[in-house]
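Trainee: sequence-free structure coming up:
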């Protein structure tokens, strides 16, 4: 089943598809992590047959059941669509400079131009993590960016507290 994505400014993202049985469905993921699942009538795609609202905790539980491979597959699809864009995964190792620190402390986007699109901790996926997201040993960081930016990000995330800090772009001049 192929979902078509529509950004809803100020609301979130809507995903539309048609089931194997021919029923149109939509999933709206809100900015605050809630979701609405809607099935429409086959003979009238403007009429709702079933609707289900899920809170952020319920969405997270459902995501765990469905698994993170879908998130990784969508990131891989995105990198195929945009030339020069690649994806990579990095594991935060025990002793890493960023083990137990916030994602924003890495200044990853400023230093590398890469976007971190998810942090996977066990069976839990933190999609679109913010700068306050804590990184812990064993977490997998999923990022997209240029090949050179991803290489730099791997270097940064693997650094120990004793390593010299990775320079910011304006410090390179």
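Mentor: Arrived safely, thanks for sending. Source: prediction; values computed, not measured.
Trainee: what lines up beside the longest strand that the chain contains in the sheet?
Mentor: For the chain, the longest strand by residue count, based on DSSP state E, is strand 44-54. According to DSSP bridges, strand 44-54 forms sheet pairs with strand 35-41 (antiparallel).
Trainee: in contact with residue 95: list those residues for me.
Mentor: Taking CB atoms under 8 Å, 6 or more residues apart in numbering, we find residue 95 in contact with 137, 160-161. Backbone N, C-alpha and C define where each C-beta goes, glycine included.
Trainee: I meant residue 58, not that one.
Mentor: residue 35.
Trainee: could you pull up phi and psi at it?
Mentor: Backbone geometry at residue 58, expressed as degrees, to the nearest 10, gives phi -70, psi -40.
Trainee: I'd like to know how far it sits from residue 99.
Mentor: Using CB to CB, to the nearest Å, residue 58 is found at 30 Å from residue 99.
Trainee: residue most distant from the centroid, this structure?
Mentor: Computed with CA atoms, centre = their mean, the maximum C-alpha offset from the centroid of the chain is found at residue 43, amounting to 35.0 Å.
Trainee: tell me the spacing between that one and residue 16.
Mentor: Relative to residue 16, and taking CB to CB, residue 43 is found at 17 Å.
Trainee: which stretches of this structure form helices?
Mentor: With helices called from DSSP state H, the chain shows them at 56-66, 69-81, 108-112, 147-158.
Trainee: test my guess that residue 54 contacts residue 33.
Mentor: No: taking contacts as CB atoms under 8 Å, residue 54 lies outside contact range of residue 33: 9.3 Å.
Trainee: by mean pLDDT, flag the weakest helix or strand of this protein.
Mentor: helix 69-81 (a mean of 53; mean pLDDT, DSSP states H and E).
Trainee: for stretch 112-131, buried residues please.
Mentor: 112, 114-120, 125-127, 129 (16 or more other CB atoms under 10 Å).
Trainee: most widely separated two among those?
Mentor: 112 and 125 (21.7 Å; CB to CB).
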